[in-house]
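Trainee: requesting a structural model of the entry that follows:
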Amino acid sequence: MIPGPRNLITDVSGLRVGNAENAAIKTGTTVLLADAPFTTSVAVHGGAPGTRETDLLAPDKSAPGVDALVLSGGSAFGLAAAQGVMDALHEQGRGFEVFSARVPIVPAAIIFDLLNGGDKDWGANPFPDLGREALANATADFDIGTVGAGSGAQTAMHKGGLGSASLVLPGGVTVGALVAVNPMGSVTTPSGQHFWAAPFEYEGEFGGLGVDTNPGMELPPSRKVPAMASLGNTTIAIVATDAAMDKAQCHRMAVAAHDGMARAILPAHSPMDGDLVFASSTGAVALTDPGIQLAGIGHAASLCLARAIARAVWEARPEPGDTLPTLKQDLGLT
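Mentor: Okay, here's the model as predicted:
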């Protein structure tokens with residue numbers, strides 16, 4: 001397996017990603033969409049999720065697909081970003097037909113980024129407009145790091161961010177991941193010099209720092225303020241493939257992808273995290289041996305997610321008012 005040409009989730013043909021952010025608030029929104037509805041399910045393994053429309057994604061529920069997925073900052077306020085996306089898609093004539101009506105399906109998940117140094121004293125909720133802007137910005141090529149839903153993200157030791165990665169399997173199936181990294185835990189080992197995801201790095205994509213030869217068994221220290229460390233965190237992700245999969249198969253892909261989160265963040269899936277993975281299929285590539293191929297797709301999704309998490313932190317950039325340094329600042333690289 002090797003990354004696709006962009007090393008982004010949009011190596012899955014037909015997918016686009018849009019970002020929008022507000023630098024003063026230190027928050028933002030990310031949207032994933034395609035030209036047609038796509039099959040999606042979800043697996044929630046954290047103890048404090050914030051979501052919209054995720055019940056529809058269970059394999060036994062009737063919604064056959066979604067029009068877009070939203071990852072957003074802003075805690076519960078950020079769920080309103082999905083309303084902005086839904087309204088804009090409706091204006092474009094998108095959505096599922098219900099007799100004479102059209103209803104866009106836009107599930108969403110949020111991270112808690114309300115204690116990151118930004119000005120949260122807004123009047124009207126800014127997230128519907130951020131959702132509209134992110135949708136309008138959607139393209140196959142997009143930035144990672146301090147953008148979109150990762151704009152205000154933090155880890156235990158460093159700024160978080162938005163990350164993405166991809167892999168092309170030997171049979172031609174493509175898998176990709178997109179993630180907003182804002183965990184209670186740390187993406188780096190206790191030394192702060194190495195990524196937990198280092199064994200899965202491809203050609204220095206997150207700095208080539210190598211594997212920590214003495215990581216130890218202790219958890220890394222946290223630099224977050226106590227309220228941030230105890231009340232609100234979360235890593236939210238999307239994994240996607242062009243393999244033709246139904247909702248039940250997408251759910252298994254989401255479950256497998258959580259392994260990548262556990263490989264890249266220590267600890268993960270805590271009572272204070274809302275860790276969640278959406279899994280989507282565009283259905284472009286038929287599976288010839290689903291029993292074998294689905295296992296490989298889930299494995300690839302976990303590798304993509306681990307790498308995307310590290311890339312998010314590696315590409316984070318410093319901004320005025322930050323309460324945590326970037327990893328590159330700590331390493332003297334900025």
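Trainee: grab the longest helix from this protein for me.
Mentor: Secondary structure assigned by DSSP state H gives helix 290-314 as the longest helix of the chain.
Trainee: which stretches of this protein aren't confidently modelled?
Mentor: 215, 217, 220-221, 223-232 (pLDDT under 70).
Trainee: at 80 what do you get?
Mentor: Scanning the chain with the threshold set as pLDDT under 80 gives 215-232, 334.
Trainee: and the residue nearest the centre of it?
Mentor: The chain has residue 179 as the residue nearest its centroid, 1.9 Å off, counting by CA atoms, centre = their mean.
Trainee: any buried residues in whichever helix or strand comes after the longest helix of the chain, and which?
Mentor: Where DSSP states H and E defines the elements, the next helix or strand beyond helix 290-314 is helix 327-330. Under the neighbour-count criterion of 16 or more other CB atoms under 10 Å, helix 327-330 has 327-329 buried. All C-beta atoms are positioned from the backbone trio N, CA, C, and that covers glycine.
Trainee: do the same with stretch 114-131
Mentor: 114-116, 118, 120, 125-131.
Trainee: and the end-to-end length of that stretch?
Mentor: Length of stretch 114-131, first residue to last, CA to CA, to the nearest Å: 18 Å.
Trainee: now stretch 151-166
Mentor: 21 Å.
Trainee: please compute how far that stretch lies from its chain's middle.
Mentor: 9 Å (CA atoms, centre = their mean, to the nearest Å).
Trainee: circling back: distance to residue 283 for the buried residues of helix 327-330 - can I get that in TSV?
Mentor: Shown next, in TSV, are these (distance: CB to CB, whole Å):
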residue	distance to residue 283
327	38
328	39
329	43
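Trainee: for the residues you listed, which one is nearest residue 23?
Mentor: The closest of those to residue 23 turns out to be residue 329 (CB to CB; 18.0 Å).
Trainee: next one: that closest one relative to residue 18, how far apart?
Mentor: Applying CB to CB, to the nearest Å, the value for residue 329 to residue 18 is 28 Å.
Trainee: one more: residue 303?
Mentor: Using CB to CB, residue 303 is found at 25 Å from residue 18.
Trainee: over to residue 259?
Mentor: From residue 259 to residue 18 the distance is 28 Å (CB to CB).
Trainee: those two: which is more packed in?
Mentor: Ranked by neighbour count (other CB atoms under 10 Å), residue 259 and residue 18 place residue 18 first, with 22 against 17.
Trainee: which residues in the protein form helices?
Mentor: Under DSSP H, the chain gives helices at 80-91, 127-136, 226-231, 247-264, 290-314, 327-330.
Trainee: let me have those in a markdown table, extended by distance to residue 40.
Mentor: Shown next, in a markdown table, are those (distance: least, CB to CB, whole Å):
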| stretch | distance to residue 40 |
| --- | --- |
| helix 80-91 | 14 |
| helix 127-136 | 17 |
| helix 226-231 | 29 |
| helix 247-264 | 6 |
| helix 290-314 | 13 |
| helix 327-330 | 32 |
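Trainee: tell me which of the ones you listed sits nearest to residue 8.
Mentor: helix 290-314 (9.0 Å).
Trainee: in terms of secondary structure, what does the closest one contact?
Mentor: Counting contacts by 3 or more CB pairs under 8 Å, 6 or more residues apart in numbering; DSSP states H and E, helix 290-314 packs against strand 161-168, strand 174-181, strand 235-243, helix 247-264, helix 327-330.
Trainee: same for the second one, what does it pack against?
Mentor: Spelled out, it's strand 174-181. strand 27-44, strand 66-72, strand 161-168, strand 235-243, helix 290-314.
Trainee: can we see that at 7 Å?
Mentor: strand 161-168, strand 235-243, helix 290-314 (3 or more CB pairs under 7 Å, 6 or more residues apart in numbering; DSSP states H and E).
Trainee: any chance of the ones you listed in TSV, plus distance to residue 154?
Mentor: Shown next, in TSV, are these (distance: least, CB to CB, whole Å):
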stretch	distance to residue 154
strand 161-168	9
strand 235-243	11
helix 290-314	10
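Trainee: make a markdown table out of the ones you listed and add mean neighbour count and distance to residue 83.
Mentor: Formatted as a markdown table, the helices and strands packed on strand 174-181 follow (neighbours: other CB atoms under 10 Å; distance: least, CB to CB, whole Å):
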| stretch | mean neighbour count | distance to residue 83 |
| --- | --- | --- |
| strand 161-168 | 29 | 21 |
| strand 235-243 | 30 | 18 |
| helix 290-314 | 24 | 26 |
